[in-house]
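Undergrad: Give me a model of this one.
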Amino acid sequence: MLHELSHKPRGPSNPSWRDKHLSWIHRFRHALQILGFFVLVGLALSLVDVRGVWDHARNLSAPTLIAAVGLHIAIVVLAAWRFALLVRSFNVPLRIGEANRLTFGSTLANLCLPTSLAGDAARVALVRRHGLTWRAAVSVGIFDRMIGLLALCALAAYGTIFADAAIPRVVVIGCLVIALVSTLGAVRLSRSAILSTRLSIQTFALSMGGHLISIVIAAILLSDLGVEVEIGVLAALFPAILLAASLPISIGGWGTRELAATAAFSTIGMEPSVAVAMAFLFGATQLAAAALGTGVALVLGRKDRL
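TA: Numbers count the residues shown, from 1 in each chain. The predicted model follows:
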């Protein structure tokens, strides 16, 4: 009895030193990302003619804007399909509508909050309501994130071979190795049907499809800005920009995406203001698509519950 009394579990009102330490680490990391956002955006703008960037951006035609937002929505739908397949591998019948609601919401959170994993963490927590264990939910979240990164690194590796890379080859290879090891770690953690070769191919194909649509978005934005780039060249350069935007050193990829675009497109002689304008428009239409999709998904979800 005395032993039990002397070892009372620490509750939320009496956090341990380790919990406080981790809390300060998280706060410090978030503060660094906010600082990184302002520093990187400021650095990107200092390298270009800001008025020129604004002139390019505000002259974007409405059809191009609508097309870009629509294609971004298609990317999130593919990601939701991938997520649903992974959840269903645990014999949990997640409906595609619910997968869309979770994925649009997590995408919006990742773009707006000072951590690129907040949305993913929330989606993992929410999907447990459908019957997944914590182990299964976490493994789905890791595998889902890493299979997307694996496909992106594969495209970026193509760029390092066939074009002057915006990101050094060693960085791309390092990210590729990390993504592969993390994906295998998720498989080991789950001890489930994620080991299925068929499922791995399906999810990789959906990830690759989303990244290829991103390249199409970049192509139509550049075309509207009056710059024509061969799709093969764009396929070699743009994945490195997406990879830079995925680095957890800013908010929503702002700043890193624009700097990478300036570096990547300088290899083909593109004007920096055009490169930054395209990267800015890509991010803005991505944010608009996530917000619109989240709103529609929430409305449809309420109608389903009525």
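
Undergrad: Between the two ends of stretch 247-265, how far is it?
TA: 19 Å (C-alpha to C-alpha, to the nearest Å).

Undergrad: Now do the buried residues in that stretch.
TA: Within stretch 247-265, the residues scored as buried using 16 or more other C-beta atoms under 10 Å are 247, 249-265. For glycine as for every other residue, the C-beta is placed from the backbone atoms N, C-alpha and C.

Undergrad: now stretch 210-220
TA: Buried, per 16+ other C-beta under 10 Å, within stretch 210-220: 210-212, 214-219.

Undergrad: So which of the residues you listed belong to helices?
TA: If you go by DSSP state H, the buried residues of stretch 210-220 have 210-212, 214-219 in helices.

Undergrad: name the helices or strands packed onto the longest helix along the chain?
TA: The longest helix of the chain (DSSP H) is helix 272-305. Packing partners of helix 272-305 (3 or more C-beta pairs under 8 Å, 6 or more residues apart in numbering; DSSP states H and E): helix 50-58, helix 62-88, helix 96-112, helix 197-224, helix 256-266.

Undergrad: out of the ones you listed, which comes closest to Asp144?
TA: helix 62-88 (5.4 Å; C-beta to C-beta).

Undergrad: by contact count, what packs against the closest one?
TA: If you count contacts as 3+ C-beta pairs under 8 Å, 6+ apart, helix 62-88 packs onto helix 96-112, helix 134-162, helix 197-224, helix 272-305.

Undergrad: Of the ones you listed, which shows the lowest average pLDDT?
TA: Within the helices and strands packed on helix 62-88, the stretch with the lowest mean pLDDT is helix 134-162, showing a mean of 80.

Undergrad: quick one: buried residues of that one?
TA: For helix 134-162, using 16+ other C-beta under 10 Å, the buried residues are 136-160.

Undergrad: Helix 96-112 and that helix, what's the angle between them?
TA: Angle, helix 134-162 to helix 96-112, by axes from the mean of the first three to the mean of the last three C-alpha atoms, to 10 degrees: 60 degrees.

Undergrad: Quick one: list the elements packing against helix 134-162.
TA: Helix 134-162 sits against helix 62-88, helix 118-127, helix 169-190, helix 197-224, helix 231-245, with contacts defined as 3+ C-beta pairs under 8 Å, 6+ apart.

Undergrad: got CSV for those helices, with distance to Thr285 too?
TA: Formatted as CSV, the helices and strands packed on helix 134-162 follow (distance: least, C-beta to C-beta, whole Å):
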stretch, distance to Thr285
helix 62-88, 4
helix 118-127, 18
helix 169-190, 25
helix 197-224, 7
helix 231-245, 13
